[in-house]
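# just a sequence and a predicted model for now, questions to come.
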Amino acid sequence: MGYIKAPMNYIGNKYRIMGQIQKWFPKKVELMVDIFCGGCDVTFNTSAREHIANDLNFFVIDIYREFQRLGVEEAIHRIDDIIDEWKLTKENKDAYERFREHYNATKNPLDLYVLMCYSFNYQFRFNSAHEYNNPFGKNRSSFNEVMRYNLRKLQGVIEQVRYTSYDFREFDYSFMKKGDFLYADPPYLITRGSYNDGKRGFKGWKEADERALYDILDGLNDKGIKFALSNVSHHKGMVNEILMDWKKERKYHMHKINFNYDNCNYHTRNSAGITQEVLVTNY
């Protein structure tokens, strides 16, 4: 099956393992809520009558809202105009830095998307003042033909999604009912990346956040609502004991996901070097 690739290389995206996680998703879904949607790879590739894509990172949500408002073709046309106006290339660091300064003064969502396209590793990074501070992706990053193609593939898809930007604790789950489905891909407690180190201008992920999310998932389970949780059980000799104890206590199901790590086995608790991604489901 061919999957839609989101038009941004968001850290922690699930595009490479979409087939592995989606084989465990419900076959029929009324409403799909992607509560930590990130770049929206899972949202765009999950069949449902309705979709809500939510993420605390309102910068990304605002980009998708802008794509939705303009339409994909008009967005691409404006992206090309921005690139020409600011003379952005893989080699022109000065142009990139001028454009970054311009974005930080204006906060236009489409400018942010273009800025990300020319940033190091295509990352979204902000300081505590919510100023974009990712360096230039010299000789590597650009709005290339692959990204243009991926954006065009979203014609007719982006328009069908409702985008929200809430902390997962503040999201209103009360309207969810049997037949709906929630997917959660939070920052991983025992790993450390740009998405959970607190350096994007958002707080890092702590044990209290982990436990609060599990409480919400338990509440959905008690209402008969299906959920799937992506997480990491083992990483460089560490074990997410909170995850393992919760899964055991609640009798949820844990499925091993192969993210091209060697000798993955979530039953092995003391194997240094193992990074094991898992999907936990309540069905």
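Perfect, I can see it now.
# got the phi/psi numbers for the closest residue to residue 186 other than its chain neighbours?
In space, and not counting its chain neighbours, residue 186 is closest to residue 36: 5.1 Å by CB to CB, 6 or more residues apart in numbering. All C-beta spots, glycine's among them, are computed from the backbone N, C-alpha and C. Torsion angles at residue 36 (phi, psi; degrees, to the nearest 10) stand at phi -120, psi 70.
# thought residue 36 was touching residue 57?
No: using CB atoms under 8 Å, residue 36 is not in contact with residue 57; the gap is 9.2 Å.
# show me what contacts the residue nearest to residue 186?
By CB atoms under 8 Å, 6 or more residues apart in numbering, the residues touching residue 36 are 54, 55, 56, 168, 184, 185, 186, 187.
# so how far is residue 149 from it?
26 Å (CB to CB, to the nearest Å).
# for residue 86, same thing?
23 Å.
# out of these two, which sits in the more crowded spot?
residue 86 (18 against 11; other CB atoms under 10 Å).
# who's in contact with the more buried one?
Neighbouring residues of residue 86 by CB under 8 Å, 6+ apart: 95, 98, 99, 102.
# if we go to 6 Å?
By CB atoms under 6 Å, 6 or more residues apart in numbering, the contact set of residue 86 is 95, 99.
# tell me which residues in the helix or strand in which residue 150 is found are buried?
Per DSSP states H and E, residue 150 falls inside helix 145-152. Across helix 145-152, burial judged by 16 or more other CB atoms under 10 Å covers 147, 150, 151.
# distance between the helix or strand just after it and the chain's centre?
As assigned by DSSP H and E, the chain's next helix or strand after helix 145-152 is strand 161-164. In terms of CA atoms, centre = their mean, to the nearest Å, the centre of strand 161-164 is set 14 Å apart from its chain centre.
# for strand 161-164, packing partners?
Packing partners of strand 161-164 (3 or more CB pairs under 6 Å, 6 or more residues apart in numbering; DSSP states H and E): strand 50-54, helix 58-70.
# state the mean pLDDT of that strand.
In this model, strand 161-164 has a mean pLDDT of 98.
# okay, now the sheet partners of that strand, with direction.
Strand 161-164 pairs in its sheet with strand 50-54 (parallel), by DSSP bridges.
# pull the CA atoms of the strand it pairs with into CSV?
Taking C-alpha atoms only, strand 50-54 is exported to CSV below (Å, rounded to 0.1, in the frame of the first residue of the first chain):
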residue,chain,number,x,y,z
GLU,A,50,-13.9,12.4,10.5
HIS,A,51,-10.4,13.4,11.6
ILE,A,52,-9.1,15.8,14.3
ALA,A,53,-5.4,16.5,14.3
ASN,A,54,-4.2,18.1,17.5
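# wouldn't residue 185 be in contact with residue 231 here?
No: here residue 185 does not reach residue 231: they are 8.3 Å apart, not a contact under CB atoms under 6 Å.
# who's in contact with residue 40?
Neighbour list for residue 40: 6, 53 [criterion: CB under 6 Å, 6+ apart].
# can you count the residues close to the residue lying closest to residue 46 once chain neighbours are set aside?
Closest residue to residue 46 apart from its sequence neighbours, by CB to CB, 6+ apart: residue 32 at 5.1 Å. Taking other CB under 10 Å as the criterion, the count of residues near residue 32 is 22.
# now for residue 164: which residues touch it?
residue 54.
# do residue 259 as well
Residue 259 touches 17, 277, counting by CB under 6 Å, 6+ apart.
# which pLDDT does the model give the nearest residue to residue 185 once chain neighbours are set aside?
In space, and not counting its chain neighbours, residue 185 is closest to residue 230: 4.3 Å by CB to CB, 6+ apart. pLDDT for residue 230: 98.
# next one: residue 265
Looking at residue 265, its pLDDT reads 40.
# pLDDT wise, what is the residue nearest the centre of the chain at?
When CA atoms, centre = their mean is applied to the chain, the residue found nearest the centroid is residue 38 (2.1 Å). pLDDT, residue 38: 93.
# so which residues of this structure form helices?
18-22, 41-44, 58-70, 72-86, 93-106, 109-117, 145-152, 207-222, 241-250 (DSSP state H).
# would you mind finding the most buried of those?
Stretch with highest mean neighbour count among these: helix 41-44 (a mean of 26; mean count of other CB atoms under 10 Å).
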